[in-house]
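Take a look and give me a structure for this.
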Amino acid sequence: MNVLMLTDKLTMGGAENYFIKLENKMTGTGFHLYTAAGGGELTDHIVNKRHYMKLSRKNHLLNLWLLTRYINKRDIDVIHANSLRMAFYAGCLRKLAWKRKMKIVYTKHNVTALEKFPRLFSLWMNREVTGIITVSEYERRVLLQYGVKKEKVTTVYNGVDVEKFPFTEKPLPEVFKVGILARLSPEKNHSLFLDIAASMKAEKDLHFYIAGEGPERENIQSKIQTLELSERVTLLGEVQEPDKFLQSMDALLLTSEREVFPMVILEAMATGTPVVTINRGGISEAITDGETGMLVDDHCFKAFQEKILSLKSDGELRKRIIDAARQKVERDFTSHHMVTHTFSHY
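A predicted model of the protein is given here:
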């Protein structure tokens, strides 16, 4: 069996890291994995570069022409698309390479623009896509509500490479470090993160860290100045070693407006960093409030503040959450589990 895996680009992100993990770890007798993607800093993490094709991030007609030739040359049986755009690509490629009977597998990582029209979304999926992988049961239920056929949808959870995100014991901190690791974009809601930091100025032994890059950087810098948080909030930019960032934090916050099932919460759980997160998408499938992390139901800075203070002041609670979270990852959310179940879906 020959599989061609596609994604838009190889910049830092959950879907892109998923792509890298599958490329690095998916092997088997009688099985060949080929990859194609736009460029980005994660390109260096591709292991089998002989089977990797770099795509243009703008010239889609050229991409389709090159991919059609590649599909025929490599006798591709399955196209695995990791974005809606790549699923559209796959539909076109199946028509262009009409002599080959290819299956299309689509892993749905994010909320897509087409979902504003659920009937159109389900109609296209039912007609063009052989199978859909959702990264949470919540998202699987959403697709079924849209009208996607039940037999097409399978949940395969995101998986953490526990060797790359090792567990570390944390000493009792003199300064409690609260971080966020996310692209600086509107949906990640860094504004709420800063409101939380501003509401906790009285706590002198707290410091807040923002890791990531993106289009909201100037707005975030401006709000830090407006709220007079320059001494309390550090804007780190892109971090090349997310494992070390997570290990250095005493709590990780997730304040997003929307989520499907973010990889970063699993990575934090693996490293021994408690998570305080908004309850959106499939997050509650990994986080049980007060057991494997802290859940907040509304985008309310006071609710986040209370959870942070609980973790900061109660060492026994923090240790229970850290231990239970690591066990949860090792049981349900390893990269081995993800790779095995994705392979069986092919």
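
Where does Leu6 fall, secondary structure wise?
In the assignment (DSSP states H and E), Leu6 maps to strand 2-7.

which parts of that strand are buried?
Of the residues in strand 2-7, 2-7 count as buried by neighbour count, 16 or more other Cβ atoms under 10 Å. C-beta here means a position set from N, CA and C on the backbone, and glycine is covered the same way.

Send me it as PDB with only the CA atoms.
The C-alpha trace of strand 2-7 is given here as PDB (Å, rounded to 0.1, in the frame of the first residue of the first chain):
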ATOM      1  CA  ASN A   2       1.300   3.500  -1.000                       C
ATOM      2  CA  VAL A   3       0.000   6.500   1.000                       C
ATOM      3  CA  LEU A   4       0.500  10.200   0.000                       C
ATOM      4  CA  MET A   5       0.100  12.500   3.000                       C
ATOM      5  CA  LEU A   6      -0.600  16.200   2.300                       C
ATOM      6  CA  THR A   7      -0.600  19.300   4.400                       C
END
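
Mind giving me the packing neighbours of that strand?
Applying 3 or more Cβ pairs under 8 Å, 6 or more residues apart in numbering; DSSP states H and E, we find strand 2-7 packed against helix 14-25, strand 32-38, helix 60-74, strand 78-81, helix 84-96.

and the fourth one, what does it pack onto?
Spelled out, it's strand 78-81. Packed next to strand 78-81, using 3+ Cβ pairs under 8 Å, 6+ apart, are strand 2-7, helix 84-96, strand 103-108.

let's go with 10 Å and repeat that
In terms of contacts (3 or more Cβ pairs under 10 Å, 6 or more residues apart in numbering; DSSP states H and E), strand 78-81 is packed against strand 2-7, strand 32-38, helix 84-96, strand 103-108, strand 131-134, helix 335-345.

do the same with the second one
In this structure, strand 32-38 packs against strand 2-7, helix 14-25, strand 52-55, helix 60-74, strand 78-81, helix 84-96, with contacts taken as 3+ Cβ pairs under 10 Å, 6+ apart.

Please identify the most buried of the ones you listed.
When the helices and strands packed on strand 32-38 are scored by mean count of other Cβ atoms under 10 Å, the highest mean neighbour count falls to strand 78-81 (a mean of 25).

Give the pairing partners of that strand; include direction for each.
strand 2-7 (parallel), strand 103-108 (parallel) (DSSP bridges).

can I get the ones you listed in CSV with distance to Thr292 and mean pLDDT?
Shown next, in CSV, are these (distance: least, Cβ to Cβ, whole Å; pLDDT from 0 to 100):
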stretch, distance to Thr292, mean pLDDT
strand 2-7, 29, 97
strand 103-108, 24, 96
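
CSV for these, including distance to Tyr89?
CSV is the format used below for those (distance: least, Cβ to Cβ, whole Å):
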stretch, distance to Tyr89
strand 2-7, 6
strand 103-108, 10
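
Which one of the ones you listed lies nearest to Arg57?
strand 2-7 (11.2 Å; Cβ to Cβ).

to the chain's geometric centre, what's the distance from the closest one?
19 Å (Cα atoms, centre = their mean, to the nearest Å).

any idea which of the helices and strands packed on strand 32-38 scores lowest on pLDDT?
Ranked on mean pLDDT, the bottom entry among these is helix 14-25, at a mean of 90.
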